[in-house]
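Trainee: pasting the sequence and the predicted model now:
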Amino acid sequence: MGSNAETIANLRRYLTDAGVSSRPALTLEAPVAATANAAVVFPDDFELVAVVAWIAAIRQTHPRLLLVLVTGTPQHFRAAVSPDGTSIPPLVLPKPAFGWTILDAIRSVRES
């Protein structure tokens, strides 16, 4: 999820080539599929307050969803990604993170 259509398209292409289905979204308002295992978010594309609120809401409504945040400012999300005892703690990957890094991170959490 991010506002850069080219980045989203490239990640989707990489995931598809790796055999992983994905459904891209360009806004935080896009619904998260109930069957989704992970959501990759480029939070720097959105207002910080909106992203932090979105993370809190998604962790509450989809506690088994793995959130992967790809950001140039990981320190801004420290409180939002702290363990809460009920949801999977989000992963934070520093920019730049390539498709294989994102996919490996998702697989490492899902397989553990």
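Mentor: Perfect, thanks for sending it. Numbering: from 1, shown residues only.

Trainee: where does pLDDT dip in this protein?
Mentor: Counting by pLDDT under 70, the chain contains low-confidence ranges at 110-112.

Trainee: point to the residue nearest the middle of it.
Mentor: In the chain, the residue lying closest to the centroid (C-alpha atoms, centre = their mean) is residue 40, at 2.5 Å.

Trainee: now that residue, what's its secondary structure?
Mentor: Of the three states, residue 40 takes strand under DSSP: H, G, I helix; E, B strand; the rest coil.

Trainee: dig out what the nearest residue to it once chain neighbours are set aside forms beta bridges with.
Mentor: Nearest non-adjacent residue to residue 40, counting by C-beta to C-beta, 6 or more residues apart in numbering: residue 68, 4.7 Å away. In short, each C-beta sits where N, CA and C put it, glycine included. Taking DSSP bridges, one obtains residue 40, residue 91 as the residues bridged to residue 68.

Trainee: and the strands in this structure?
Mentor: Listed in chain order, the strands found in the chain under DSSP state E are 38-41, 66-71, 91-94.

Trainee: mind giving me the packing neighbours of the last one?
Mentor: Contact partners of strand 91-94 among helices and strands, from 3 or more C-beta pairs under 8 Å, 6 or more residues apart in numbering; DSSP states H and E: strand 66-71, helix 99-110.

Trainee: which among the ones you listed is found nearest to residue 87?
Mentor: Nearest of these to residue 87, taken as C-beta to C-beta: strand 66-71 at 8.7 Å.

Trainee: report the distance from the closest one to the chain centre.
Mentor: 3 Å (C-alpha atoms, centre = their mean, to the nearest Å).

Trainee: coming back round to it: and the helices and strands packed on strand 91-94 as JSON lines, adding mean neighbour count and distance to residue 35?
Mentor: Below are the helices and strands packed on strand 91-94 laid out as JSON lines (neighbours: other C-beta atoms under 10 Å; distance: least, C-beta to C-beta, whole Å):
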{"stretch": "strand 66-71", "mean neighbour count": "22", "distance to residue 35": "13"}
{"stretch": "helix 99-110", "mean neighbour count": "15", "distance to residue 35": "14"}
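
Trainee: so for residue 18, which of these sits nearest?
Mentor: Comparison of the helices and strands packed on strand 91-94 against residue 18 by C-beta to C-beta identifies helix 99-110 as nearest, at 5.8 Å.

Trainee: no more questions from me, cheers.
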